[in-house]
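# Provided below are the primary sequence and the corresponding predicted coordinates.
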Amino acid sequence: MQNLQGEEGLTNGGANAEGALLFYSEFDDPGEWRDVLKSELPSLDFRVYPEVGNPEDVRYVLAWKPFPGFFEPFPNLSLVVNLGAGIDSLAGRADLPDVPIARLSDDGMIALMKSYVLFSVIRYARDIPDFEQAKRLSEWRYIHPRPLHRIKVGVLGLGHLGSAVASALANLGFSVHGWDHVEKSIAGVECHFGEARDDFLSKVEILVNMLPLTTDTKGLIDASVFGALPKGAKFINASRGPVVDEPALVEALRSGQIGGATLDVFWTEPLPADHPFWQMENVLITPHLASITVPETAARDVAENIRRVRNGHEPLHLVNPSRGY
């Protein structure tokens with residue numbers, strides 16, 4: 001409580017004394033964010049780009065995919081909060097000073113991601129694409145359901161969101177396997193790491209990509225990954241498009257090595273009208289909406305990090321842009 005009282009005491013000194021927060025996003029509603037942040041920090045000086053005011057006032061930035069050069073005008077910047085899960089747009093930037101960068105630990109965003117992946121996995125596990133095809137043909141087609149514990153689902157990437165997804169799948173009763181670059185331990189999940197990737201891939205019939213986009217993961221899911229899966233395996237990408245070698249996936253889908261794909265993210269967004277994915281009956285396309293930041297739940301994190309920075313403390317949920325997460 002002493003820290004909170006100290007923070008409120010600072011707010012009585014005026015915007016310049018405590019610093020302003022600058023909001024930037026082409027996709028999110030600044031009015032909604034202003035309302036929920038004001039409920040946490042009533043005297044917060046909330047500004048929306050391009051109405052910057054005096055650039056020297058800006059100490060905090062809450063942004064999603066800021067354009068090149070965005071950070072250059074702000075000499076007193078002390079915190080950047082990324083509005084989404086992926087921080088690839090903040091990596092390798094010459095305009096970004098050496099200040100703490102925090103991601104959001106948003107229960108609402110995690111819940112949305114879990115719901116998207118559960119939907120996608122269940123759709124394959126319960127043979128829904130076959131029934132969709134049968135309906136188009138006016139055909140009564142019975143496929144005997146399989147117990148969930150006999151269906152092996154693999155989660156590639158066991159970070160913040162990947163671990164939550166793997167746990168949700170395991171809790172539903174699937175046989176869940178996970179892989180990450182480093183060793184992880186998740187209740188109910190058989191975890192693999194490092195050189196055990198191909199062994200992991202050989203065990204799963206539905207593969208979910210949850211890897212962040214970094215210099216190491218760009219194009220990582222390629223022909224060798226698809227070839228290591230059992231023939232006819234299904235693939236779900238809910239993380240970042242450039243993690244996947246799209247021509248290799250197209251070929252794997254055409255050959256039947258991959259029996260179907262659910263894709264939310266792509267190298268180019270919006271997905272061009274002439275892309276082969278559009279013409280493939282075994283591909284479900286959604287427009288990068290698997291998970292979004294939910295202001296009502298995420299604002300608490302943003303406000304707490306502003307309080308911490310004002311009081312000279314390290315913010316929560318720090319990320320390393322050079323590492324990519």
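Arrived safely, thanks for sending.
# only C-alpha atoms for contact and neighbour calcs from this point on.
Noted.
# what about the helices in the chain?
With DSSP state H applied, the chain shows helices at 2-11, 15-18, 30-40, 107-125, 128-136, 160-172, 197-202, 223-228, 246-255, 295-310, listed in chain order.
# For those helices, could you give me a markdown table that also reports mean pLDDT, distance to G154 and mean neighbour count?
As requested, these are arranged in a markdown table below (pLDDT from 0 to 100; distance: least, C-alpha to C-alpha, whole Å; neighbours: other C-alpha atoms under 10 Å):
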| stretch | mean pLDDT | distance to G154 | mean neighbour count |
| --- | --- | --- | --- |
| helix 2-11 | 36 | 43 | 14 |
| helix 15-18 | 59 | 47 | 16 |
| helix 30-40 | 97 | 36 | 16 |
| helix 107-125 | 97 | 10 | 19 |
| helix 128-136 | 98 | 19 | 14 |
| helix 160-172 | 97 | 8 | 20 |
| helix 197-202 | 96 | 7 | 18 |
| helix 223-228 | 98 | 12 | 18 |
| helix 246-255 | 98 | 17 | 17 |
| helix 295-310 | 95 | 28 | 20 |
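# ok, now which ones touch the most centrally placed residue in the chain?
When C-alpha atoms, centre = their mean is applied to the chain, the residue found nearest the centroid is A85 (4.0 Å). Shown in contact with A85 (C-alpha atoms under 8 Å, 6 or more residues apart in numbering): 103-104.
# redo that, cut-off 6 Å
Counting by C-alpha atoms under 6 Å, 6 or more residues apart in numbering, A85 makes contact with nothing.
# quick one: it from V208, how far?
Between A85 and V208 the distance is 16 Å, computed by C-alpha to C-alpha, to the nearest Å.
# Next: A164.
Here the distance between A164 and V208 works out to 12 Å (C-alpha to C-alpha).
# and what of P321?
Distance of P321 to V208, given as C-alpha to C-alpha: 24 Å.
# higher neighbour count, those two?
Per other C-alpha atoms under 10 Å, whichever of P321 and V208 has more neighbours is V208, with 27 against 18.
# doesn't I236 make contact with the more buried one?
Yes: assessed by C-alpha atoms under 6 Å, V208 is found in contact with I236 at 4.7 Å.
# Mind listing residues that contact stretch 237-257?
Residues outside stretch 237-257 that contact it (C-alpha under 6 Å, 6+ apart): 209-210, 213, 217-223, 231-232, 258, 263-267.
# And it, how far out from the chain middle?
Distance of stretch 237-257 from its chain centroid, counting by C-alpha atoms, centre = their mean, to the nearest Å, is 18 Å.
# Put the alpha carbons of it into CSV.
Taking C-alpha atoms only, stretch 237-257 is exported to CSV below (Å, rounded to 0.1, in the frame of the first residue of the first chain):
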residue,chain,number,x,y,z
ASN,A,237,-0.4,-22.5,-36.8
ALA,A,238,-1.5,-19.9,-34.1
SER,A,239,1.8,-18.1,-33.5
ARG,A,240,3.6,-16.3,-36.3
GLY,A,241,3.5,-16.9,-40.1
PRO,A,242,7.2,-16.6,-40.9
VAL,A,243,8.0,-19.5,-38.5
VAL,A,244,6.6,-21.7,-41.2
ASP,A,245,8.1,-22.4,-44.7
GLU,A,246,4.9,-21.8,-46.6
PRO,A,247,6.0,-23.4,-49.9
ALA,A,248,7.0,-26.5,-48.0
LEU,A,249,3.6,-26.6,-46.3
VAL,A,250,1.8,-26.2,-49.6
GLU,A,251,3.7,-29.1,-51.0
ALA,A,252,3.1,-31.2,-47.9
LEU,A,253,-0.7,-30.5,-48.2
ARG,A,254,-0.7,-31.4,-51.9
SER,A,255,1.1,-34.6,-51.4
GLY,A,256,-1.0,-35.7,-48.5
GLN,A,257,1.9,-35.8,-46.0
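# The stretch 51-200 of the chain: strands as residue ranges?
Assigned by DSSP state E, counting those that start in this stretch, the stretch 51-200 of the chain shows strands spanning 58-63, 79-82, 101-102, 152-156, 175-180, 189-193.
# quick one: M113 and A261, what's the gap?
17 Å.
# got the domain boundaries for the protein?
2-106+293-310, 107-285 (automatic domain parsing).
# Please convert the ones you listed to a markdown table, extending it with distance to H317.
A markdown table is the format used below for these (distance: least, C-alpha to C-alpha, whole Å):
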| stretch | distance to H317 |
| --- | --- |
| domain 2-106+293-310 | 5 |
| domain 107-285 | 10 |
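# how much space is there between I110 and L104?
In terms of C-alpha to C-alpha, I110 sits 10 Å off from L104.
# make that H160, sorry
For H160, the distance to L104 - C-alpha to C-alpha - is 10 Å.
# Equivalent analysis for N320, please.
With C-alpha to C-alpha as the criterion, N320 and L104 are 14 Å apart.
# With I151 instead?
Distance, I151 to L104, by C-alpha to C-alpha: 32 Å.
# quick one: which of those two has more around it?
Per other C-alpha under 10 Å, whichever of I151 and L104 has more neighbours is L104, with 23 against 18.
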